[in-house]
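Undergrad: 3D model of this:
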Amino acid sequence: MTKTRTDTTTLPDPARAEGGLVFLSTWSTGTAERQRATAEAIAEAWGSRPWPHEGLLSYAVYAGADGSTVAHRSHWRDDEAYQDFFAHGRDERNAEIDKAVPGIERLGLHKTRLRGGVARAAGDVRVAGAVVITEGEGGLPGAAPGLISVHFHETTEGGRVLRYEEWESGEGLPEEDSYRLAYVFEPGR
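TA: All right, here's what the predicted structure looks like:
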């Protein structure tokens, strides 16, 4: 069994080539205290178990700057891998999280494919301190101070585009759309 590696400092590569699907979702916890408790419950549910599926490349959890939301980004090899995990491993983890923090509201899950964007420049070693997730393409940005990369994810059913931006910090970003990394889970090496 592969161990689960937990990281709290390094975002997964949003332009990772070997993954075909990215799932983006948001949970509402209601308060900052419940947000912290939810992130801790996720860390316990994921970090205490072996890596759940070889088709899951990474799973990142972000705490919303609004103090009440938690965003999730999971990167999958393909839909078959996700469906297998959904059928055989997801419920146990979610039940543990829901037991620790009852009443979490799941606001939606978007199954997407990376469609393009502006990747991190070669040699750019800046550490992303915040991400912004919004709906709509909005065009490619100019050279905004602190912006590291922008990635567009199109939903698999079409018609919607989610924009995922990496920033050096959350300073000056819209509170309702910005998040800081809480945890990244990946297969252990």
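Undergrad: contacts and neighbour counts: CA atoms only from here.
TA: Fine.
Undergrad: tell me which residues of the one helix or strand residue 106 maps to are tucked away?
TA: Element membership of residue 106, judged by DSSP states H and E, is strand 105-118. By neighbour count on 16 or more other Cα atoms under 10 Å, the buried set for strand 105-118 is 110-114, 117.
Undergrad: quick one: residues contacting residue 3.
TA: 49-51, 187-189 (Cα atoms under 8 Å, 6 or more residues apart in numbering).
Undergrad: pull out the buried members of the residues you listed.
TA: Members of these classed as buried by 16+ other Cα under 10 Å are 51, 187.
Undergrad: turn the contacts of residue 3 into TSV, columns for pLDDT.
TA: Output for those, formatted as TSV (pLDDT from 0 to 100):
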residue	pLDDT
49	90
50	90
51	91
187	91
188	84
189	62
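Undergrad: nearest to residue 103 among the contacts of residue 3?
TA: Nearest to residue 103, judged by Cα to Cα, of those is residue 49 at 23.5 Å.
Undergrad: my guess is the closest one contacts residue 6, does it?
TA: No - the pair residue 49 / residue 6 is not scored as a contact, 11.2 Å apart, by Cα atoms under 8 Å.
Undergrad: that older thread, now, the contacts of residue 3 that are in strands?
TA: residue 187 (DSSP state E).
Undergrad: okay if I get the contacts of residue 3 as a markdown table plus distance to residue 13?
TA: Converted to a markdown table, the contacts of residue 3 look like this (distance: Cα to Cα, whole Å):
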| residue | distance to residue 13 |
| --- | --- |
| 49 | 23 |
| 50 | 22 |
| 51 | 19 |
| 187 | 14 |
| 188 | 16 |
| 189 | 17 |
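Undergrad: please report how far the residue nearest to residue 156 when sequence neighbours are not counted lies from residue 101.
TA: Using Cα to Cα, 6 or more residues apart in numbering and skipping the chain neighbours, the partner closest in space to residue 156 is residue 112 (5.2 Å). The spacing between residue 112 and residue 101, counted by Cα to Cα, to the nearest Å, is 28 Å.
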